[in-house]
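> turn this into a model:
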Amino acid sequence: MTIYDIAKQAGVSASTVSRVINGKPGIKESTRRKVQKLLEENSYTPNAAARGLVMQSSRFIGILIEDIRVSHHTDSVYVIGQEMMKSGYTCITFSTGIEPEQKAKYIEILEQRQVEGVILIGSMFSSDVVRESIERHLSNIPVVLVNGTLDLPNVYSILIDEEHGTQECVEYLLKHGRRNLSYIMDVSTPSNTKKLRGFRSGMAAGGIEEEDCQIVCAPGENTSPNDSISRGYEAAEFLLEQYPDTDAILCCTDLLAIGCLQLLQEKKISVPEKVAVMGVDNTLYGRICTPALSTLDNKLVELSMNAAHVLLDVFEGRVTSHKVMLFTDIILRQST
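This next block holds a predicted model:
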């Protein structure tokens, strides 16, 4: 039972029901009694959304992530939530799953929740299905996309230049004497496609032809931590069978790289003496594994803070760029 159902039964507007719930004046006593009777009969419990009708503001921000088990994205949710709370907003977060249709469904749910703004975390939301759902359900709501783009007037993008960053990782490894570089690719997303381009660009800059690039795709599509580590292990095992002279492995994510490290340790291949390993994301996992993982820092905190600030700027009517680009740093640890 919603506030709209009560309003329909009472023959009044939803805002009238909300005023009764919140004890506001300006309501006929007979109408007030009628609405209160229906509220009691239906055991209706008032909520923030109902109270928000009176103030024309829900103060809710919707956040969508693909997989709540991926700590890199949940860390981003935490940063955004804390920043929005400072300005009096409450964030509600949904884990959509990998299917574009499911993402579109959750966008519709956010419309039903009457959110004032939306933040989508991850380039996997850069799809036609998501764009069409935003056009249909959130066309008048500001939407911020973290590390992705959608060509819509109400969508703002906070991007990280992972393509150039991955190229710099390759250049670093080549500069330090690694000549047989291999790359372990993750599931296909716009972000991962850019990283792959960066790998190829770095190899080309080092005089290595594209057909000589040693690239392996990690099997499967489940990106939860345990599965990603297992996929990295399997990919590294296949890679070394195909390219036994490999002396450096660049992985699309830290989790794949950790699986790679496990395989190398099991085969007693010394890291970094014989094979250097690098990941991308600068996660906690990379800091606590042995050896500690060198990685490309794609600036999670800065991306998240920028996403929150852009949304707040839009709310306040300040001039806001539709695209903001941040740049990566290489973090060197024991694996290189």
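> and residue 134, that one's in a strand?
No - under DSSP: H, G, I helix; E, B strand; the rest coil, residue 134 sits outside any strand and is assigned helix.
> list the contacts of it.
Applying C-beta atoms under 8 Å, 6 or more residues apart in numbering to residue 134 gives the contacts 107, 143, 150, 152, 154, 155. All C-beta spots, glycine's among them, are computed from the backbone N, C-alpha and C.
> at 7 Å instead, please
Residue 134 sits next to 107, 143, 150, 152, 155 when contact means C-beta atoms under 7 Å, 6 or more residues apart in numbering.
> then residue 307?
Shown here is residue 307, whose contacts under the criterion C-beta under 7 Å, 6+ apart are 80, 119, 144, 146, 158.
> give me the element the third one is part of.
In this case it means residue 144. Taking DSSP states H and E as the criterion, the element that holds residue 144 is strand 143-146.
> strands paired with that strand, and their directions?
strand 117-121 (parallel), strand 155-160 (parallel) (DSSP bridges).
> and of those strands, who's closest to residue 321?
Comparison of those against residue 321 by C-beta to C-beta identifies strand 155-160 as nearest, at 7.6 Å.
> now the closest one - C-alpha only, CSV.
Extracted C-alpha coordinates of strand 155-160, given in CSV (Å, rounded to 0.1, in the frame of the first residue of the first chain):
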residue,chain,number,x,y,z
VAL,A,155,24.3,12.8,-17.9
TYR,A,156,27.7,13.9,-16.5
SER,A,157,30.9,11.8,-16.9
ILE,A,158,33.8,11.4,-14.5
LEU,A,159,36.5,9.6,-16.4
ILE,A,160,40.0,8.1,-15.7
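> now do the strands in the stretch 151-300 of the chain.
Taking DSSP state E, counting those that start in this stretch as the test, the strands found in the stretch 151-300 of the chain are 155-160, 181-185, 214-217, 248-251, 276-280, 294-297.
> format those strands as JSON lines; extra columns: distance to residue 103 and mean neighbour count.
Supplementary listing: these in JSON lines, determined by distance: least, C-beta to C-beta, whole Å; neighbours: other C-beta atoms under 10 Å:
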{"stretch": "strand 155-160", "distance to residue 103": "14", "mean neighbour count": "24"}
{"stretch": "strand 181-185", "distance to residue 103": "22", "mean neighbour count": "24"}
{"stretch": "strand 214-217", "distance to residue 103": "23", "mean neighbour count": "18"}
{"stretch": "strand 248-251", "distance to residue 103": "26", "mean neighbour count": "30"}
{"stretch": "strand 276-280", "distance to residue 103": "23", "mean neighbour count": "27"}
{"stretch": "strand 294-297", "distance to residue 103": "26", "mean neighbour count": "25"}
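> CSV for these, including distance to residue 313 and mean pLDDT?
Rendered in CSV, the data for the strands of the stretch 151-300 of the chain read as follows (distance: least, C-beta to C-beta, whole Å; pLDDT from 0 to 100):
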stretch, distance to residue 313, mean pLDDT
strand 155-160, 9, 97
strand 181-185, 36, 97
strand 214-217, 39, 96
strand 248-251, 36, 98
strand 276-280, 29, 98
strand 294-297, 25, 98
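> and the pLDDT for the most centrally placed residue in the chain?
Residue closest to the mean C-alpha point of the chain, counted by C-alpha atoms, centre = their mean, is residue 121 at 2.5 Å. Listed pLDDT for residue 121 reads 97.
> what's opposite it in the beta bridge?
For residue 121, the beta-bridge assignment (DSSP bridges) gives partners residue 146.
> which ones are touching it?
When contacts are taken as C-beta under 7 Å, 6+ apart, residue 121 is in contact with 63, 64, 65, 73, 76, 77, 146.
> do you know how far the closest residue to residue 304 other than its chain neighbours is from residue 197?
Spatial nearest neighbour of residue 304, excluding adjacent residues (C-beta to C-beta, 6 or more residues apart in numbering): residue 79 at 3.8 Å. For residue 79, the distance to residue 197 (C-beta to C-beta, to the nearest Å) stands at 28 Å.
> so where's the stretch 51-200 of the chain uncertain?
Counting by pLDDT under 70, the stretch 51-200 of the chain contains low-confidence residues at 51-57.
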